[in-house]
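1. got a predicted structure plus its sequence, pasted below:
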Amino acid sequence: MGPFLSAGTGSDLLLVTKLLPPGSVLGPVWGTLVLAPCPKPLLPAPMNMLSQVAFYQRTDPTQREAGEFMFEFDQDEIFHVDLERKETVWRLPDFGKFTSFEAQGALGNIAVLKKNMEIMIQRSNRTRARNVPPEVTVFPEDPVELGEPNILICFVDKFSPPVLRLTWLKNGQEVTEGVSETDFYPRQDNSFRKFSYLPFLPSQGDFYDCRVEHWGLPEPFTKHWGEAGAPRDPAGHRPGSQDTSETLVCALGLAVGIIGIIVGTILIIKGMKMNAARNPRGPL
């Protein structure tokens, strides 16, 4: 199946971020919405920040609608609302044990955003925002050891709009089993970031790629994990292999050290004998 992103398409996007004061209770938040971009705050940055983030977008020419509603604490997701299932999804299940959030409140917010976007489209004469291409990084969750289960993370950052397709490849073949993704996380510059996770078992000779498709890219971008098609550990070495140059230098250094000790010992003994011969002791 071909990519669902195509050149020349665009998206109308309305992003709303609301900062909540300390002690706020999770629940539907109504009031004045501050539309991005926002002016720089006059007060010093707070130590901690609880924020409500919502966006609605419509893709042309398909008129495909999408949206997102979430709460964050210091840019870490607390929960988001699945708008299709109309239910709250906690980033960590334990969060739902001590608080709750009614999904209906999120649906109401999205409905307001949809109406406001129509007004803004008319006022802006349908001027579109610029597509910003993503930055892509791939790294393992833990230090790599052959035969030990691990997770590869594909971090896609600083892109806009929040329309993206991620594909994992193992040895050039698409992988879907066990793959999971986060929602689109907003950044303070009104761009977005996203994570994708692939459980894997490091094996000799295997290599992985994270392929990213976005309107800001002229073609799909593939980020390789490792160099020359071989995974590497955090120190930069291929698992199960040795760095020949480092081993050679170490061996030469050890050999030179041993020779130096032997030669030094011989010279000391020889010097002592010569000194004794030059200064013979007389009878007491």
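-> Thanks, I have it. Numbering: from 1, shown residues only.
2. buried residues in the strand or helix carrying Leu113?
-> For Leu113, the element it lies in under DSSP states H and E is helix 103-123. Buried residues in helix 103-123, counted by 16 or more other Cβ atoms under 10 Å: Ala103, Gly105, Ala106, Asn109, Ile110, Leu113, Met117. To be clear about C-beta, it is placed using only N, CA and C from the backbone, and glycine gets the same treatment.
3. mind putting those residues in CSV, pLDDT included?
-> Shown next, in CSV, are the buried residues of helix 103-123 (pLDDT from 0 to 100):
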residue, pLDDT
Ala103, 91
Gly105, 91
Ala106, 92
Asn109, 91
Ile110, 92
Leu113, 91
Met117, 87
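4. low-scoring stretches of the stretch 151-284 of the chain, by residue?
-> 227-261, 263-284 (pLDDT under 70).
5. make it 50
-> Along the stretch 151-284 of the chain, segments meeting pLDDT under 50 span 228-250, 284.
6. now the strands: where do they sit in it?
-> Using DSSP state E, counting those that start in this stretch, the strands of the stretch 151-284 of the chain run over 165-170, 173-175, 180-181, 185-186, 192-200, 208-213, 221-225.
7. counting contacts, what elements does the third one pack onto?
-> Here strand 180-181 is seen to pack against strand 192-200 when contacts are counted using 3 or more Cβ pairs under 8 Å, 6 or more residues apart in numbering; DSSP states H and E.
8. now do the last one
-> Helices and strands touching strand 221-225, by 3+ Cβ pairs under 8 Å, 6+ apart, are strand 135-140, strand 208-213.
9. how about the first one: buried residues?
-> Within strand 135-140, the residues scored as buried using 16+ other Cβ under 10 Å are Val136, Val138, Pro140.
10. can you put these in TSV and add distance to Arg128 and pLDDT?
-> Below are these laid out as TSV (distance: Cβ to Cβ, whole Å; pLDDT from 0 to 100):
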residue	distance to Arg128	pLDDT
Val136	24	98
Val138	31	97
Pro140	38	97
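11. re the thing from before, will you turn the helices and strands packed on strand 221-225 into a markdown table that also has distance to Leu198?
-> As requested, the helices and strands packed on strand 221-225 are exported to a markdown table (distance: least, Cβ to Cβ, whole Å):
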| stretch | distance to Leu198 |
| --- | --- |
| strand 135-140 | 9 |
| strand 208-213 | 7 |
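12. mind checking which of those is nearest Asp60?
-> strand 208-213 (17.4 Å; Cβ to Cβ).
13. mind exporting that closest one as CSV, just the C-alpha atoms?
-> In CSV, the C-alpha atoms belonging to strand 208-213 read as follows (Å, rounded to 0.1, in the frame of the first residue of the first chain):
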residue,chain,number,x,y,z
TYR,A,208,16.7,-1.1,11.6
ASP,A,209,15.3,2.0,9.9
CYS,A,210,12.6,4.5,10.9
ARG,A,211,10.9,5.9,7.8
VAL,A,212,9.1,9.2,8.1
GLU,A,213,6.6,10.8,5.7
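14. residues in contact with that strand?
-> Residues from elsewhere that reach strand 208-213, judged by Cβ atoms under 8 Å, 6 or more residues apart in numbering: 3, 5, 134, 136, 138, 152, 154, 156, 164-170, 172, 196, 198, 200, 220-226, 231.
15. out of those, which are buried?
-> Counted by 16+ other Cβ under 10 Å, those give 134, 136, 138, 152, 154, 156, 164, 166-170, 196, 198, 200, 221, 223, 225-226, 231 as buried.
16. before I go, just wanted to say thanks for your time.
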